[in-house]
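Student: pasting the structure only:
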């Protein structure tokens, strides 16, 4: 017998038929002898309608009232799923954030969970009842008001509740059936991973594999919650996100990720003097421009070329900031190139093995792909290449690191 | 300066434009120097959708989960109206039943309000903030769960909150602009009443003038809450429902009401012996059939004819019950006639004036209308007539009692 938290997103509960389908899945786990708690999102489309009403009334609406309105989406799903479960003979009860309680800070609209009292939930599960908990929300104890965690917050709710009830596993049901070695749309022989380490998942998530919200992976890692990502529409095992110690066979590289969301900026002939990096990146940070990869090439004439990447949508703002700071920085020219892709290989095996990055550079060189920027971390190596090489590069690396599944 | 509770029903908050319109009305009262609290229903149509989801999942759904789902309708309106008010510069905040708190019993789906703590609401009003309170709901303290008051319960919420905050007046905004001497669709010269006594309103409501829910009038009478019924679409005074002492000029008859919802049942030649009424009406009560007017004509041969009215929808059940009890009752024949209308004259003036009922009988006789059943109470006289005489009778009585307004 295990204690399991099951989380179902908006598309999994989009209508009554899907809610009945979810109820049947929950029933199966209960009949297998498990203690089960369920976390649900709003029926898909509902949250958008509620948000639109608030925004139409006032673009600068009170976040506390926004939370009051938007949190009703999840509330409806909890009640409907409880009814659906009772109808098929499973004892169930809905729980709103204020009833559990799930306590948050006062940052309405993007609140952080401060504590969850799991006592009542554990008690009910022990009595064979399935708690259905509204995801994405809690209560701010100071003013006794509903606070939402922001978009995607239901994953975070599920992981936090799994930690609070000391669950053996947190199953995140979604519209993909797991985590893949790379994007199957680019590499048809991409394989579903049986298990991924938390750190790997964080790197994969941040470079574009939008399966799990980053904050929920961080929380799972911190609280040691074993997470499984699986399909709510198909009946097969998904991918586990767990501590690296649980992963028996660690490949050198776990996955190949890519992101077309970045743009390259080069500042030509910047004076090479101490503090110059701060002069460049300080104003960008002040303007909320997130800078990712950074390289600096030393010239022989006392100047340097600085290259870095920013989010594509931030590019106009970044250029504006740099233009304004020209006198201070002393650059000679700005070159901006949005036509780039960041390609990353990720794997905790890289920590203990040399030559993993070298194979990346060799593979790309063999395909004639020019590397514009390189950046590395302990378990990731990323390169920036021309956007037209995306598919070629991803496929070549996928094959080179032995990730291809049976064709 | 007065303290006012304003209540807006579903059609008054049906969309964002109407919510903005409500906000403007509230603002006007605030600017007039009043302390204002607002009670809102769900946007019209929303509750029906939520109810349908519950019923589609299971006709015998858990009433506690039903309440969890359905109560979201009002919650959404509270948040949206708070935003709309803030946008036009009025300080406002939404309140759910569990936040006030509005405590109810555990009869989910048709709960009764047990107590309302008005402290926080009074405090906020004193600070110039407008509390926007979700109607139709409260919290059942035993299990800390949301409980709804049943259909139309928002009026009840408004009156109860007005009592809890000791409001000078409870304004019920609705899609009619007040209480009329009779149905203006039948009598174009019907007049809007400036004031009606609680008792009159109860009699008018129970015979078909569906402006205010009966339970809310009873509560207003008990708690001495002055209620005003007025239009949310037009800007003119409505009708006050108040203690009779407040009504300076009391007419003999305040209004003429009618109801086509009843059917007449006659039991022929029932043995005239003690306890026979109990034998007839006991089984009907057991079957939840509501009996209204009752008359009994003594025959000369030791039998009696009993005539009474039941709700039209209850007629088949009533007949079934009486057939089953035939041996016990000993009737000779059952005659059922759904083609009847109950017409009532209502007025507290009837208490102190003789001859008011007599004028009713005379007026109907002059028009050749046969009276089938008569029943009287302290402030009401009702007659049952053939349904085809409805308009003729109502018009004649309206004129006879001097209720016609300028043509």
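Tutor: Structure received. If you're wondering where the values come from, they're calculated on a predicted model, not measured in any experiment. Numbers count the residues shown, from 1 in each chain, chains lettered A, B, ... in the order given.

Student: could you use CA atoms for every contact and neighbour count after this?
Tutor: OK.

Student: what are the phi and psi angles of residue A:179?
Tutor: Phi and psi for residue A:179, reported as degrees, to the nearest 10, are phi -110, psi 130.

Student: now do residue A:210, the pLDDT please.
Tutor: Residue A:210 is assigned a pLDDT of 67 by the prediction.

Student: look up which residues are beta-bridged to residue A:340.
Tutor: For residue A:340, the beta-bridge partners are residue A:386 (DSSP bridges).

Student: check contacts around residue A:400.
Tutor: Listed by CA atoms under 8 Å, 6 or more residues apart in numbering or on different chains, the contact set of residue A:400 reads A:359, A:363.

Student: residue A:97 - how many residues pack around it?
Tutor: Neighbours of residue A:97 under the rule other CA atoms under 10 Å in any protein chain shown: 24.

Student: who does the helix or strand where residue A:296 lies touch, helix- and strand-wise?
Tutor: Element membership of residue A:296 [criterion: DSSP states H and E] is strand A:291-298. Contacts defined by 3 or more CA pairs under 8 Å, 6 or more residues apart in numbering or on different chains; DSSP states H and E place strand A:291-298 against helix A:276-286, strand A:303-311, strand A:373-377.

Student: which one of these is the most hemmed in?
Tutor: Across those, the average number of neighbours (mean count of other CA atoms under 10 Å in any protein chain shown) peaks for strand A:303-311, which reaches a mean of 20.

Student: ranges for the strands of the stretch 1-150 of chain A?
Tutor: Using DSSP state E, counting those that start in this stretch, the strands of the stretch 1-150 of chain A run over A:3-8, A:35-40, A:92-95, A:102-104, A:113-116, A:130-134, A:137-140, A:145-148.

Student: so which residue is smack in the middle of chain A?
Tutor: residue A:213 (2.7 Å; CA atoms, centre = their mean).

Student: that residue against residue A:205, yeah?
Tutor: Yes: Residue A:213 is in contact with residue A:205 according to CA atoms under 8 Å; the separation is 7.3 Å.

Student: overlap in contacts, the two.
Tutor: Common neighbours of residue A:213 and residue A:205, using CA under 8 Å, 6+ apart, do not exist here.

Student: looking at chain A, which residue ends up farthest from its center?
Tutor: Going by CA atoms, centre = their mean, the residue of chain A most distant from its centre is residue A:301, 43.8 Å out.

Student: just say helix, strand or coil for that one.
Tutor: The three-state label given to residue A:301 by DSSP: H, G, I helix; E, B strand; the rest coil is coil.

Student: show the pLDDT at it.
Tutor: Per-residue confidence (pLDDT) for residue A:301: 83.

Student: near chain B, which residues of chain A?
Tutor: Within chain A, the positions adjacent to chain B are A:16, A:53-54, A:57-58, A:61-62, A:65-66, A:68-70, A:72, A:75-80, A:82-84, A:86-87, A:93-94, A:99, A:144-145 by CA under 8 Å from any CA of the partner chain.

Student: now do the helices for chain A: every range, in order, please.
Tutor: Here chain A has its helices, by DSSP state H, at A:16-31, A:46-57, A:63-70, A:72-87, A:119-126, A:153-164, A:198-206, A:214-223, A:276-286, A:315-324, A:326-329, A:356-366, A:390-400.

Student: count of neighbours near residue A:56?
Tutor: Number of residues near residue A:56 (other CA under 10 Å) recorded here: 14.

Student: which residue does the stretch 251-400 of chain A bring closest to chain B?
Tutor: Chain B sits closest to residue A:288 of the stretch 251-400 of chain A, with a gap of 28.1 Å, by CA to the nearest CA.

Student: distance of that residue relative to residue A:392?
Tutor: Separation of residue A:288 from residue A:392 (CA to CA, to the nearest Å): 33 Å.

Student: who's more crowded, the two?
Tutor: The neighbour count for residue A:288 versus residue A:392, taken as other CA under 10 Å, is higher for residue A:392 (15 against 12).

Student: quick one: pLDDT of the residue nearest to residue A:140 when sequence neighbours are not counted?
Tutor: In this structure, residue A:140 finds its nearest non-sequential neighbour in residue A:104, 5.1 Å apart by CA to CA, 6 or more residues apart in numbering or on different chains. On the pLDDT scale, residue A:104 is placed at 96.
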